[in-house]
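Q: Requesting a structural model of the entry that follows:
(2 chains)
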Amino acid sequence: MIELENVAYSYGGGELLSDISVKLAPGSFHFLTGPSGAGKTTLLKLCYGALLPTAGHVRLFERDVRALERDDVAMIRRKVGVVHQDVQFLDHLSVSDNVALPLTVSGRHADAANGDLTELMAWVGLTNRADAMPPELSGGERQRAALARAVIMSPDVVLADEPTGNVDWEMSQRLLTLLVELNKMGKTVLIATHDLSLIRAAKAQVQARVLRISNRRVQLAGADL
Amino acid sequence: MTFDRNTLRALLVGDRHADRVVPPTGFTAQLTLFVSGAMAFLAVFALALSLASGRLADRWGDELARTATIRIVAPEDQRAIQTAAAIEVLSTTPGIASARALTDEEQQALLAPWFGQDLPLDTLPVPRLIEIEAAEQGFDATGLRLRLAAEVPGAVLDDHGRWRAPLVSAAQRLRLLGWTVALLILGAVAAMVTLAANAALAANAQVIAVLRLVGATDSYIANAFVRRFTLRALVGSAVGVVIGVIAVWLMPSGGDTPGFLTGFGFAGAGWLAPLFLPPVCGAVALFATAYAASRALRTLT
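A: This next block holds a predicted model:
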């Protein structure tokens, strides 16, 4: 599904990631952890074609990312839902319009009207905030809205970059529960986080692999987590 | 950005949902509307100038090409004889439709602007003028000059070529200048729309990043901007054209008085020419925005 093979990524003359080999199998649940600045976000961006590796190969849905046309990348992003820590919305559209944005850009407006959107808004607990504007949302509501937007196209993979970075413990558990539910629906989930308590909480609910970035390389974390 | 059938359809028909994804940009919208309107207004005048110059060049060319003058410069006792001889020569020259000597009154009227109405023509050695109107096929000026030199020594043929050529050339240059100005105006519209589109794209960098993140193609994003700027340029230029045409229509007419300024404007089917300006401005805006969007989007991942 998503495969990185001997990937390196350099930025500003220095190598940020080196010799990374990771394979996200369908239905798997992964955590990516490491200290701030270790390259978690960079690795995540490599996983949805936002960055190109400086060495090695990234294969998204069996296709080498370097061989993809720009429109191909757009199509792949419809199969990969992404949630960032600093969620960005279109502030002139309502929350429900923002959540439905992936449907809008792919010409499937009708799907938003036929109940999918309502169900999704209820699933993330934002039914009563559907008509609000993004700046009116709290941090937790923004994260949940971002998650709803990431999964509205029923993607095969969900990538989340520090999804609980701006929310309290209770909200982070709620978000984690939603991500675990997605995994149980068969979605591949990769969460980049430095919050070890979140990883421990997740391991109690789902079989998760933990990858740690250390010294520019990815290692499988041990049982210490 | 590639233009296929779907792209064109999206541009023409529009997409209510797609149009909403880009936030309204008040300043660039007003700028595009205003500049398109102003440029179209100026383009109407450039067109009017060009078409009027063209008409003038044609008229001067036609009128002067078909007329000529013979001056009989001879002693007074010879003048009438040589005039009659010249008329005789002209009557047998192929390509001459008519020839007649001007009367004293007509010659006096010609000189009146310089010497006044009371000029005693009979006391002055004023040459007799013969007005020639050429037939459709024209006449051989060189041959006629040779015949006149042999048979009417006091006759000097002036076929107007000496001063006709620069006049016609000037009018043709003016017509070319009008078209050049119109093209420059369209170029300015393209430059302005490109700048405004660049500003709008830069101001909406975050919107574009979000759209790319959720799987929008470059064509989808570009269309949202292209359609907006094209419509603004269309509307702005349509308003500019209407005002420009009214302004040209309101320009005072010189009636039968011949002159460049009094003939400035449109005539006949020429009034339809400004109708082409809004679609052309729209097309220029379309390609300028598509170019700007294509360049801007290429820099994003």
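Q: Show me where the chain has its strands.
A: The chain I'm using is chain A. With strands called from DSSP state E, chain A shows them at A:2-11, A:14-24, A:29-33, A:55-60, A:63-64, A:80-83, A:157-161, A:188-192, A:209-214, A:217-220.
Q: Switch to chain B, please.
A: Under DSSP E, chain B gives strands at B:67-72, B:96-101, B:128-134, B:155-158.
Q: by contact count, what packs against the shortest one?
A: Put plainly, it is strand B:155-158. strand B:67-72, helix B:141-151 (3 or more CB pairs under 8 Å, 6 or more residues apart in numbering or on different chains; DSSP states H and E). Where you see a C-beta, it was placed from the backbone N, CA and C, and this is true even at glycine.
Q: rerun that using 10 Å as the cut-off
A: strand B:67-72, helix B:76-91, strand B:128-134, helix B:141-151 (3 or more CB pairs under 10 Å, 6 or more residues apart in numbering or on different chains; DSSP states H and E).
Q: what's around B:Ala86, how many residues?
A: 26 (other CB atoms under 10 Å in any protein chain shown).
Q: Bridge partners for the most centrally placed residue in chain A, pull those for me.
A: When CA atoms, centre = their mean is applied to chain A, the residue found nearest the centroid is A:Leu159 (1.8 Å). Under the criterion DSSP bridges, A:Leu159 forms beta bridges with A:Val82, A:Leu190.
Q: weakest of the strands of chain A in terms of mean pLDDT?
A: Least confident of the strands of chain A, judged by mean pLDDT, is strand A:217-220 with a mean of 84.
Q: Partner strands of that strand, with direction?
A: Sheet partners by DSSP bridges: for strand A:217-220, these are strand A:209-214 (antiparallel).
Q: Identify each buried residue in the partner strand, please.
A: Residues A:Arg209, A:Val210, A:Leu211, A:Arg212, A:Ile213 are the ones in strand A:209-214 that count as buried (16 or more other CB atoms under 10 Å in any protein chain shown).
Q: Kindly report the same for stretch B:15-24.
A: By neighbour count with 16+ other CB under 10 Å, stretch B:15-24 contains the buried residues B:Asp15, B:His17, B:Ala18, B:Val21, B:Val22.
Q: neighbouring contacts of stretch B:140-159?
A: B:64-65, B:67-75, B:78-79, B:81-90, B:92-96, B:127-130, B:132, B:134, B:138-139, B:160-161 (CB atoms under 10 Å, 6 or more residues apart in numbering or on different chains).
Q: could you give the mean pLDDT of that stretch?
A: The predicted model assigns stretch B:140-159 a mean pLDDT of 89.
Q: Output that stretch in PDB, but only the C-alpha positions, please.
A: What follows is stretch B:140-159, C-alpha atoms only, in PDB (Å, rounded to 0.1, in the frame of the first residue of the first chain):
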ATOM      1  CA  ASP B 140      -0.800  57.000 -68.800                       C
ATOM      2  CA  ALA B 141       0.600  60.100 -67.100                       C
ATOM      3  CA  THR B 142       4.000  59.800 -68.800                       C
ATOM      4  CA  GLY B 143       2.500  59.400 -72.200                       C
ATOM      5  CA  LEU B 144       0.200  62.400 -71.700                       C
ATOM      6  CA  ARG B 145       3.100  64.500 -70.500                       C
ATOM      7  CA  LEU B 146       5.000  63.800 -73.700                       C
ATOM      8  CA  ARG B 147       2.000  64.600 -75.900                       C
ATOM      9  CA  LEU B 148       1.400  67.800 -74.000                       C
ATOM     10  CA  ALA B 149       5.100  68.800 -74.300                       C
ATOM     11  CA  ALA B 150       4.900  68.300 -78.000                       C
ATOM     12  CA  GLU B 151       1.500  69.900 -78.700                       C
ATOM     13  CA  VAL B 152       0.800  72.300 -75.800                       C
ATOM     14  CA  PRO B 153       4.200  73.700 -74.600                       C
ATOM     15  CA  GLY B 154       2.600  75.700 -71.700                       C
ATOM     16  CA  ALA B 155       0.800  72.800 -70.200                       C
ATOM     17  CA  VAL B 156       2.100  71.200 -67.000                       C
ATOM     18  CA  LEU B 157       0.400  68.000 -65.800                       C
ATOM     19  CA  ASP B 158       0.100  67.400 -62.100                       C
ATOM     20  CA  ASP B 159      -1.300  64.000 -61.400                       C
END
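Q: can you pull out the helices in chain A?
A: For chain A, applying DSSP state H gives helices covering A:40-47, A:70-77, A:95-99, A:101-105, A:109-113, A:116-123, A:139-151, A:169-184, A:196-203.
Q: Serialize those helices to JSON lines and add fields for mean neighbour count and mean pLDDT.
A: Formatted as JSON lines, those follow (neighbours: other CB atoms under 10 Å in any protein chain shown; pLDDT from 0 to 100):
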{"stretch": "helix A:40-47", "mean neighbour count": "22", "mean pLDDT": "93"}
{"stretch": "helix A:70-77", "mean neighbour count": "18", "mean pLDDT": "91"}
{"stretch": "helix A:95-99", "mean neighbour count": "24", "mean pLDDT": "93"}
{"stretch": "helix A:101-105", "mean neighbour count": "25", "mean pLDDT": "91"}
{"stretch": "helix A:109-113", "mean neighbour count": "15", "mean pLDDT": "67"}
{"stretch": "helix A:116-123", "mean neighbour count": "16", "mean pLDDT": "86"}
{"stretch": "helix A:139-151", "mean neighbour count": "24", "mean pLDDT": "90"}
{"stretch": "helix A:169-184", "mean neighbour count": "18", "mean pLDDT": "87"}
{"stretch": "helix A:196-203", "mean neighbour count": "17", "mean pLDDT": "87"}
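Q: Pipe these into TSV and attach distance to B:Leu201 per row.
A: Output for those, formatted as TSV (distance: least, CB to CB, whole Å):
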stretch	distance to B:Leu201
helix A:40-47	22
helix A:70-77	16
helix A:95-99	21
helix A:101-105	17
helix A:109-113	24
helix A:116-123	29
helix A:139-151	23
helix A:169-184	33
helix A:196-203	38
